[in-house]
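Peer 1: Structure for the following, please:
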Amino acid sequence: MKKLVSLSIVVSSLLLLTSCGTTTDSSLATTPFAGEGFSIDVPSAWVKVEKEALPIPKEGTIVLALTSVEIASGFANNMTVLKEKLSEAITSKKYSIVNYALTTNYIDFQKLSEKTITFPDNEEANLYVFEAKYNTDTPKQEFIQTAKICGDTIYLITFGLALRTPTTGHENLIKTFTCNK
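Peer 2: Coordinates of the predicted model:
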């Protein structure tokens, strides 16, 4: 469970870095992305955040960080995928539930929804949508988050969005996440 805490903290810092504000990004045209060990459909208009611009996590590795090119008030919608080896066997559903419980330490936290999603391999996980502030100096944002286990590796998938951004399209992108061998 120690690793769960560190992944939640790392994702918090990633979202602050890549989601500096609100955006008017309304397009969700998608393109497939093949990463090391996984694939997922991503917004085709979004750009990859260069490794040099990302914080170095204490645990795990950032395997994907994208940001919208549309920026308003200095901020952009974003997506991060963090990967880490598991120290114990756990399901995607259980990991997503425990990770969410550890994520509620944001400022002005408000849960908007929780639902079960099914990945293409028929494994289920909980998907959470919540509003929160990273700290007192940042605006409140909307987050969509879940986790997917691939063998002995956990992938934590998070979108950071402007408030009142429709989330259905982003949730559907998360559901395209597949494990590659």
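Peer 1: the strands in the chain, which residues?
Peer 2: 30-35, 38-43, 47-48, 61-67, 78-85, 107-118, 124-133, 141-150, 153-161, 178-179 (DSSP state E).
Peer 1: so which of those strands gets nearest Tyr100?
Peer 2: strand 124-133 (4.9 Å; Cβ to Cβ). (C-beta placed from N, C-alpha, C; glycine too.)
Peer 1: Check which helices and strands the closest one sits against.
Peer 2: helix 92-103, strand 107-118, strand 141-150, helix 168-174 (3 or more Cβ pairs under 8 Å, 6 or more residues apart in numbering; DSSP states H and E).
Peer 1: With just CA atoms, put the first one into CSV.
Peer 2: Same thing as helix 92-103. The C-alpha coordinates for helix 92-103 follow below in CSV (Å, rounded to 0.1, in the frame of the first residue of the first chain):
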residue,chain,number,x,y,z
SER,A,92,-7.4,-3.3,-11.3
LYS,A,93,-10.7,-2.7,-9.5
LYS,A,94,-9.2,-3.0,-6.0
TYR,A,95,-6.2,-0.9,-6.9
SER,A,96,-8.4,1.9,-8.4
ILE,A,97,-10.5,1.9,-5.2
VAL,A,98,-7.5,2.0,-2.8
ASN,A,99,-5.7,4.6,-4.9
TYR,A,100,-8.9,6.8,-5.0
ALA,A,101,-9.2,6.6,-1.2
LEU,A,102,-5.6,7.9,-1.0
THR,A,103,-6.3,10.7,-3.5
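Peer 1: ok so, going back, between the strands of the chain, which gets nearest to Leu54?
Peer 2: strand 61-67 (5.3 Å).
Peer 1: Name the residues of that closest one that come out as buried.
Peer 2: Ile62, Val63, Leu64, Ala65, Leu66, Thr67 (16 or more other Cβ atoms under 10 Å).
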